[in-house]
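Novice: with the input below, show me the fold.
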Amino acid sequence: MGKRLLLLFLALREFAAMAQNPDSATFLLHKFAQNIGKESYIVHHTDSGLFYDVTFKFTDRGTPVPLKARLGITAKYDPLSLWIKGNTSRFSTINDSIVIHGRTASIRVDDSTYSRDLSKQSFLVAGYAPGTVQMMLLKYWESHGKPDSISILPSGTVRIRKDGADEVGPMLLDRYVISGLVWGNELLWTGPGDQLLCIITNDAEGDKLEIMQEQYESLLPRLLRSAAMHGMQLFTKEMAGARGGKASGVGQDVSSFFGKGPSSLSGKYGASLGKAQPTAIVGGTLIDVVSGVAMKDAVVLIDGGLIKAVGKAGELAVPAGYTVVHAEGKTILPGLWDMHAHFEQAEWGPAYLAAGVTTVRDCGNEFEYIDAIQGAIDGGKGVGPHILKAGIIDGPGPMGLGIVRASTAEEAVAIVRKYKEHGFVQIKIYSSVTPPVVKAICDEAHRLGLTVTGHIPEGMTLQQGVDSGMDMINHIQYVYQVMKRNKDRSVDLTDSTNQEVLRFVKAHGTVIDPTLGVFEMIFRNTKDDITQMEPAYQTLPLPLQALFRNMGMAPDVAPRYKPIMASAEKITKALFDAGVPIVAGTDMGFPGYSVARELELYVDAGFTPLEAIQSATIVPAQVMKLDKVTGRIAPGFRADLVIVEGDPLARIRDIRNVRTVVKDGRVYDPVVLHGLAGFGK
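Specialist: Below is the predicted model of the structure:
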């Protein structure tokens, strides 16, 4: 019996060792919860070490994103070499190699070659992909004493920490946080045999991407909710600690889009931020964004999350017990809106608030994720703006995005009803929806009191989309596409065809969020100084700087697109002059700061600074039917305000100089918020 037990023990130990380091595995790659590709690795055993050959590929909205890599490590997970080549998103490439010689690393990044002395603890990893390299990074960290930080090559530093565990069905999954590879925090889970089970990260264009071990794919919706709530918890813990508070508060069960989510992922998720205190803002110049009137030496009284009174110093007294916020020499504005957000990670919350953005419309997201993010913020267990959710619906075909698809009118109606049941205020149509389904979506949304925004699907015109019932259109490109264009692709707005387009949009009351900043980024000459576009560029986290640095067009190509960018600005101003509601939206871009850039582009197009500010305050409140409760500074309105240095009515760029942010009556320091989001000073 003893011999049998010994043999069984040895067999189990060998099985466990194999489980910890299998010679091959496959991960499925997801975006918007949709399986869009896979990553596979095979291990080759040699006398010098183990070599992981990795094939990584996904197809994002019809565009292949292929990547190959080879990682060499010793049996103790010390790095030997890394070669990686291919794409990390639809718009970015990578071509790196690193070879270790003793205590020196020979590095090639694209066409640049150099050497670097190794620090005490170093690993080779070039970003979020492939997941296999992150798996070995985690093994290296664990086997080398779990250091506070690890130097990574070709550049950077990462921090890893174990963050607890999640009970998912019969399994207890260990949860880790890695920071430094992408902007913000990645969340990783390991399962049986300490094998990597899931990474929830962001790809090189800023979209959330999930890497799931193949056999555990069904767990993804629950892990998305967990990622949202734990990501928010990291901020609330820090803020509670900064205030000397204790992490407390009970989380809530979050329902799945297709049913009830598991209660095992609710529980305690973060620190309550506490009640807002009675506050008086005194001494600044208050801008009434409806009339444009500026009130100097203003007093704003805030209590219970609402504005109680507004008046002039000497006429409106500050009651006893109010905390005074001094705004002398500064300008007081309503909190800004971003009407085209994609809240892809928790770090967007503090980044938005730090830039004075207190409300966003999320234009399409993974249901489980955005629902949990909104729940954490609204429940006082997260840091971020108010979120208005627009539920995305796409159609069939290879260009489709996400898992929420409608091929028939019946499917469309069922999806719209689900979104309505879960607190979504709008539907977003994406690019592969067929014309009959567009009509069915709009009809059911309107019947339920929802509005409809989105792309104009392939094969339809703007006029057809609006005639089908679309209330709002994302991106100025869809107006441009139906206009008559010159040989250089510019537009003549005096042309009768183009005048008719303007009249059509005005007559139907269609709302446009132009997202000019997105087109500026796409068309920019990569040799141009990016700080002209974003003066705070050097304060961005290093992974974001790397992401934006090469975004744009080659110097020999970029000039050909200047007429298109100029036309986009001209069309936006012409629509505004015609009486079309223009709302400021960014479609991501520089987190938070992109709203300011969007307003600057409107002023460049001919808006007055006040008109630009209105597009990010009272106008979005009006089109979302919330102008009786938010969008301006007046008694009874929600206490969402921003205090900026300077006078943005005279110089729109001053709107960037945020000194204090108030959301729901709670006062925030933008320096602290940017610190939470990983920004520098």
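Novice: contact partners for Gly631?
Specialist: Going by CB atoms under 8 Å, 6 or more residues apart in numbering, Gly631 touches Val289, Pro334, Trp337, Thr617, Ile618, Val619, Pro620, Ala621, Gln622, Phe637. The C-beta positions use only the backbone N, C-alpha and C, and glycine is treated the same way.
Novice: dump those residues to a markdown table, plus neighbour count and secondary structure.
Specialist: Shown next, in a markdown table, are the contacts of Gly631 (neighbours: other CB atoms under 10 Å; DSSP: H, G, I helix; E, B strand; the rest coil):
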| residue | neighbour count | secondary structure |
| --- | --- | --- |
| Val289 | 21 | coil |
| Pro334 | 30 | strand |
| Trp337 | 31 | strand |
| Thr617 | 29 | coil |
| Ile618 | 19 | helix |
| Val619 | 22 | helix |
| Pro620 | 29 | helix |
| Ala621 | 23 | helix |
| Gln622 | 17 | helix |
| Phe637 | 19 | coil |
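Novice: of those residues, closest to Lys120?
Specialist: Trp337 (48.0 Å; CB to CB).
Novice: report the beta-bridge partners for the closest one.
Specialist: Beta bridges link Trp337 to Thr359, judged by DSSP bridges.
Novice: quick one: mean pLDDT over stretch 332-348.
Specialist: Over the span of stretch 332-348, the pLDDT mean works out to 96.
Novice: rewinding a little: determine which two of the contacts of Gly631 are furthest apart.
Specialist: Farthest pair in those, by CB to CB: Val619 and Phe637, 15.4 Å.
Novice: need the contacts of Gly631 in JSON lines with distance to Ala320, can you?
Specialist: JSON lines is the format used below for the contacts of Gly631 (distance: CB to CB, whole Å):
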{"residue": "Val289", "distance to Ala320": "31"}
{"residue": "Pro334", "distance to Ala320": "27"}
{"residue": "Trp337", "distance to Ala320": "34"}
{"residue": "Thr617", "distance to Ala320": "32"}
{"residue": "Ile618", "distance to Ala320": "33"}
{"residue": "Val619", "distance to Ala320": "38"}
{"residue": "Pro620", "distance to Ala320": "37"}
{"residue": "Ala621", "distance to Ala320": "33"}
{"residue": "Gln622", "distance to Ala320": "37"}
{"residue": "Phe637", "distance to Ala320": "24"}
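Novice: residues contacting Lys208?
Specialist: Lys31, Ile200, Thr201, Asn202, Glu344, Gln345, Glu366, Tyr369.
Novice: oops, could you answer that again for Tyr216 instead?
Specialist: Counted by CB under 8 Å, 6+ apart, Tyr216 has contacts Gly191, Leu197, Cys198.
Novice: 7 Å instead?
Specialist: By CB atoms under 7 Å, 6 or more residues apart in numbering, the contact list for Tyr216 reads Gly191, Leu197.
Novice: phi, psi of it?
Specialist: phi -110, psi 20 (degrees, to the nearest 10).
Novice: could I have stretch 217-231 exported to PDB, CA atoms only?
Specialist: What follows is stretch 217-231, C-alpha atoms only, in PDB (Å, rounded to 0.1, in the frame of the first residue of the first chain):
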ATOM      1  CA  GLU A 217     -14.500  31.200 -21.900                       C
ATOM      2  CA  SER A 218     -17.900  31.000 -20.300                       C
ATOM      3  CA  LEU A 219     -16.600  32.800 -17.200                       C
ATOM      4  CA  LEU A 220     -15.800  36.000 -19.100                       C
ATOM      5  CA  PRO A 221     -19.100  37.900 -18.300                       C
ATOM      6  CA  ARG A 222     -18.500  37.400 -14.600                       C
ATOM      7  CA  LEU A 223     -14.900  38.400 -14.800                       C
ATOM      8  CA  LEU A 224     -15.800  41.600 -16.700                       C
ATOM      9  CA  ARG A 225     -18.100  42.600 -13.800                       C
ATOM     10  CA  SER A 226     -15.300  41.700 -11.300                       C
ATOM     11  CA  ALA A 227     -12.800  43.800 -13.300                       C
ATOM     12  CA  ALA A 228     -15.000  46.800 -13.300                       C
ATOM     13  CA  MET A 229     -15.800  46.700  -9.600                       C
ATOM     14  CA  HIS A 230     -12.200  45.800  -8.500                       C
ATOM     15  CA  GLY A 231     -10.800  48.500 -10.800                       C
END
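Novice: any idea of the mean pLDDT in that stretch?
Specialist: Computed over stretch 217-231, the average pLDDT equals 92.
Novice: how about stretch 388-408?
Specialist: Mean predicted lDDT for stretch 388-408 stands at 95.
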